[in-house]
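>>> Quick one: sequence and predicted model below, then my questions.
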Amino acid sequence: MTRTSRLLGAVSTIALVALSANPALAEGTDAGTAIQNTVSVTFDVGGVTQDPVDSNTDEFLVDRRVNLTVEEVGGAATIVSPGSTQQVTTFTVTNLSNDTVDYALTVDQQAGGTSAFGGTDTFDTGTTTIYLDDGDGVFDPSTDTLVTYIDELAADTSATVFVVTDIPLGQVTGDIATVVLTADAHEGGATGSLGAELTTSATNTVDAVDTVLADGSGATDADYDGAFSARDDYQVLAAALSVLKTSRIVSDPITDVTGGTPKAIPGAVIEYCIAVSNASGGAPATNIVVTDPLPANTTFEAGSILLDGTVSSGTCNLDGSAGGSYDGTNVTGALSDIAAGDTATLVFRAVID
């Protein structure tokens, strides 16, 4: 072997040693960053320092490490009423990748089973939509953006996402609808459009940015699939109203004179009591209006309507406030809000024709 061959061999060996001694890449190094290495060797010949010999520049590009999380915000179910609209659950999508990434967003309804915060999923909500928060953390359809994906989410940044839906009428207190928000990683770099779905590259190309899916598993997705999911609940708190109408004869023109128990004869005064009760454990009932068609063969007694009275032992008390109206057909009155477990009454009188 010539001296020159031995020298070049020594240079190659030194270059390999120098490369292998470099520390591991930090997870946060941006994808596409060029990592370069050049070796310089100095030597003497016959006691005279010679010009240094430099190696070629070894270079490769940092690959894309894709990772993300989706988290429910608030730590509790969203309390809703039957028939309510634009009900909101809130999530945070965080890009833990070392590159800007687009994230496709989908919402699924859980089909039964244990809900996110205990209890059982029992119903599906109406059509769901997804909004991207404008930065204030408060849902406002006039300022937040209706989306199907998050566009160009930078590395190590988060976006707040609102899932918005309507609640069907007929649901009762304790019903739960669980929704699942999934974010799926797509190629970034093209503002205004969703890039191609990212998958782990089959090979390692030195002069190109390859992709490695490094995400964990969420509520319904798997490890290393480029997606992450989280759940939230809509829990119904309803008012369960029941209505009981009773009547009693207050007086009649004969027993008013002779004494005794009044009878339902023509000219007798009949008192109607409509008791509206709200079951315990539910929501307050509001904007309550009672409408009662006056029975045939009776004449309304003017000024007899009493509102918001109480009940004792199943009998209406005459402790309500004057109000309501009679339009020639219906007796109508608005009751105050009825809290869960409470009862309010509308009382009026009529004369048997």
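Done, it's in.

>>> Residue most distant from the centroid, the chain?
Ranking residues of the chain by C-alpha distance from their mean position (Cα atoms, centre = their mean) puts residue 46 at the top, at 79.3 Å.

>>> need the helices for the stretch 251-353 of the chain, in chain order.
Along the stretch 251-353 of the chain, the stretches classed as helices by DSSP state H, counting those that start in this stretch are 255-258.

>>> Can you report how many residues neighbour residue 295?
11 (other Cβ atoms under 10 Å). Heads up, the C-betas are built off the backbone N, CA and C, glycines and all.

>>> That one: what's it in contact with?
Contact partners of residue 295, counting by Cβ atoms under 8 Å, 6 or more residues apart in numbering, are residue 350.

>>> coming back round to it: per-residue pLDDT of the residue farthest from the centre of the chain, please?
At residue 46 the predicted local distance difference test score is 92.

>>> what about the helices in the chain?
All helices of the chain, identified by DSSP state H, fall at 3-20, 255-258.

>>> Can you report how many residues neighbour residue 146?
When neighbours are defined as other Cβ under 10 Å, residue 146 has 11 of them.

>>> Now that we're looking at the closest residue to it other than its chain neighbours, what pLDDT does it have?
Spatial nearest neighbour of residue 146, excluding adjacent residues (Cβ to Cβ, 6 or more residues apart in numbering): residue 131 at 5.7 Å. Predicted confidence (pLDDT) at residue 131: the value is 98.

>>> show me where the stretch 1-150 of the chain has strands.
Listed in chain order, the strands of the stretch 1-150 of the chain (DSSP state E, counting those that start in this stretch) span 34-37, 40-41, 44-45, 48-49, 53-54, 58-61, 64-66, 68-72, 78-80, 87-95, 101-109, 129-132, 145-146, 149-153.

>>> Out of those, which gets the lowest mean score?
Taking each of the strands of the stretch 1-150 of the chain in turn, the lowest mean pLDDT turns up on strand 58-61, with a mean of 78.

>>> List the pairing partners of it within its sheet, with orientation.
Paired strands of strand 58-61, with direction, are strand 34-37 (antiparallel) (DSSP bridges).

>>> How far off centre is the strand it pairs with?
The gap between the average C-alpha position of strand 34-37 and the chain average comes to 45 Å, counting by Cα atoms, centre = their mean, to the nearest Å.

>>> give the contact list for residue 31.
Contacts of residue 31 were listed using Cβ under 8 Å, 6+ apart, and they are 61, 62, 63, 64, 65, 97, 98, 99, 209.

>>> out of those residues, what pair is the most spread apart?
Taking Cβ to Cβ as the measure, the contacts of residue 31 reach their widest spread between 61 and 97, a distance of 15.2 Å.

>>> most packed of the strands of the stretch 1-150 of the chain?
Relative to the other members of these, strand 64-66 carries the highest mean neighbour count by mean count of other Cβ atoms under 10 Å, namely a mean of 24.

>>> what's it in contact with?
Outside strand 64-66, the residues touching it (Cβ under 8 Å, 6+ apart) are 27, 31-32, 97-99, 101, 185, 198, 209-215, 226.

>>> One more: stretch 241-257?
Surrounding stretch 241-257, the residues in contact under the criterion Cβ under 8 Å, 6+ apart are 261-265, 267-279, 285, 288, 292, 315-316, 338, 349.

>>> which of the residues you listed count as buried?
In terms of neighbour count (16 or more other Cβ atoms under 10 Å), the buried residues within those are 262, 268-279, 285, 288, 292, 316, 338, 349.

>>> Show me how the record splits the chain into domains.
As assigned by automatic domain parsing, the chain contains the domains 3-62, 65-236, 241-352.

>>> Of the ones you listed, flag the one that's most buried.
When the domains of the chain are scored by mean count of other Cβ under 10 Å, the highest mean neighbour count falls to domain 65-236 (a mean of 17).

>>> okay, how far is it across that one, tip to tip?
41 Å (Cα to Cα, to the nearest Å).

>>> For the residue nearest the centre of the chain, list each beta-bridge partner.
A centroid search over the chain (Cα atoms, centre = their mean) returns residue 89, at 1.7 Å, as the residue closest to the centre. Here residue 89 sits in beta bridges with residue 163, as judged by DSSP bridges.

>>> Against residue 282, how distant is it?
Relative to residue 282, residue 89 is positioned 22 Å away (Cβ to Cβ, to the nearest Å).
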